[in-house]
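Student: fold the stuff below for me.
(one chain, ligands or ions: 2)
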Amino acid sequence: MSGENINISVVIPVYNEEGNLPELYERVTRVMEEMGRPYEFIFVDDGSLDRSLRMMTEFRGRDKRVRVIKLLRNFGQTAAIYAGFSQVRGQVVVMLDADLQNPPEEIPKLVAKVDEGYQAVSGWRTIRQDKIHRKVVSRILNFFIAKLTRTNMHDWGCSLKAFSRDFVDRLNTLSHHSRYLPADVGWLTPNVAEVAVDHAPRRAGETKYTPLVLIRTGFDLLVSVTAAPLQAIGVLGWLLALLGFVIAFLIAGAMLFGYDPGLFTMIMALSFFLSGVQLIAMGFLCEYVSRIYVEVQDKPYFIIKEELP
Ligand code: UDP
Ligand code: MG
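Tutor: Numbering: from 1, shown residues only. Ligands and ions are numbered 1, 2, ... in the order given. A predicted model of the protein is given here:
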């Protein structure tokens, strides 16, 4: 297939999803056929260890609209999605999870928004079917992404999304390594549409995000999105030093009026002050480190959209 007239590319990252793939393939196919636009499936096998790859190979055998991109090993969900993005041929790009938590039946709603002219469209899981700790972590991340991108969205983290091809081409120019897709999307455009979508519990298999992986990932995401934690150290230092200074001031006042503030209070003032000074020094160090951090990310400093004719 030349791929020239493909209209929609559906990108799906797959890591050990043997229990979900047959139904996923069947439901996405039904939805796409109903839409009646030429499409391709891009399954990205993220180093699956179960029968997933064999199943996808079998889909490909009987249906040439299916393409299977096999990664060398397990790189993680975000990397798998970006790998899929690098191969798309359609004019509209849809992404969703393989575990049927994002009902494929919602795809047309998102595509309609892209047709309206939105570059990026995100699902919003109005009723989310996940464990409570997942929801809490998502809330926190959503807050940071909203602050960072200055774009308030209910659910930045929803993995059912649709983009115009232009937008995906632009995402593909980013070359930094520690990535979080919602942050990249928000960084590229504030013009993200939101569509309420259903959410289902996982059909089969296990979530790949165990609490431990989640803490690790959450921390990774936070640090990949912003250098604010580094900068907070300096701020903390100033606050502590100030606190130490205020206490010292009060002690001096008390002594002036003949009160004995006691050794403990004095030591407290001194230790606040000293740790404050240390953190301030470290804060400066962090400012340098955070600049190095921004540089090594190697994000383009600007992206020209087009030159007027
Ligand atoms: N996934 C992947 N590589 C990984 C982990 C997950 O490609 O290392 C895929 C997984 O197969 C699924 C999607 O990413 O299609 C979301 O994974 P999961 O359902 O475990 O995440 P959750 O829904 O718990 O956030
Ligand atoms: Mg899931």
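
Student: what's the biggest helix by length in the chain packed up against?
Tutor: Scanning the chain for the longest helix, with DSSP state H as the assignment, gives helix 263-297. The contact analysis (3 or more CB pairs under 8 Å, 6 or more residues apart in numbering; DSSP states H and E) places helix 263-297 against helix 228-256. Where you see a C-beta, it was placed from the backbone N, CA and C, and this is true even at glycine.

Student: between helix 263-297 and the helix it packs on, find me the angle.
Tutor: 160 degrees (axes from the mean of the first three to the mean of the last three CA atoms, to 10 degrees).

Student: mind listing what's buried in helix 228-256?
Tutor: Buried positions in helix 228-256, judged by neighbour count with 16 or more other CB atoms under 10 Å: L230, I233, G234, L236, G237, L240, A241, L243, G244, I247, A248, I251.

Student: ranges for the helices of the protein?
Tutor: 21-35, 52-62, 77-85, 107-116, 132-149, 165-171, 181-188, 211-225, 228-256, 263-297.

Student: hey, least reliable of these by pLDDT?
Tutor: With a mean of 79, helix 211-225 has the lowest mean pLDDT of the helices of the chain.

Student: other SSEs contacting it?
Tutor: helix 132-149, helix 181-188.

Student: pull out the CA atoms of it and give them to me as PDB.
Tutor: What follows is helix 211-225, C-alpha atoms only, in PDB (Å, rounded to 0.1, in the frame of the first residue of the first chain):
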ATOM      1  CA  PRO A 211       2.300   1.800  42.600                       C
ATOM      2  CA  LEU A 212       6.100   1.700  42.600                       C
ATOM      3  CA  VAL A 213       6.400   2.300  38.900                       C
ATOM      4  CA  LEU A 214       3.800   5.000  39.300                       C
ATOM      5  CA  ILE A 215       5.900   6.900  41.900                       C
ATOM      6  CA  ARG A 216       8.900   6.500  39.700                       C
ATOM      7  CA  THR A 217       7.000   7.600  36.600                       C
ATOM      8  CA  GLY A 218       5.200  10.400  38.400                       C
ATOM      9  CA  PHE A 219       8.500  11.800  39.700                       C
ATOM     10  CA  ASP A 220      10.100  11.300  36.200                       C
ATOM     11  CA  LEU A 221       7.300  13.200  34.600                       C
ATOM     12  CA  LEU A 222       7.400  16.000  37.100                       C
ATOM     13  CA  VAL A 223      11.100  16.400  36.700                       C
ATOM     14  CA  SER A 224      10.900  16.100  32.900                       C
ATOM     15  CA  VAL A 225       8.300  18.800  32.700                       C
END
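
Student: and the stretch 101-250 of the chain, which residues reach ligand 2?
Tutor: Q101 (CB under 5 Å from the ion).

Student: for ligand 2, what's its nearest residue on the stretch 101-250 of the chain.
Tutor: Residue nearest to ligand 2 within the stretch 101-250 of the chain (CB to the ion): Q101, separated by 4.3 Å.

Student: and the gap between the residue minimising distance to the centre of the chain and ligand 1?
Tutor: Centroid-nearest residue in the chain: Y180, 3.4 Å away (criterion: CA atoms, centre = their mean). Distance, Y180 to ligand 1, by CB to the nearest ligand atom, to the nearest Å: 13 Å.
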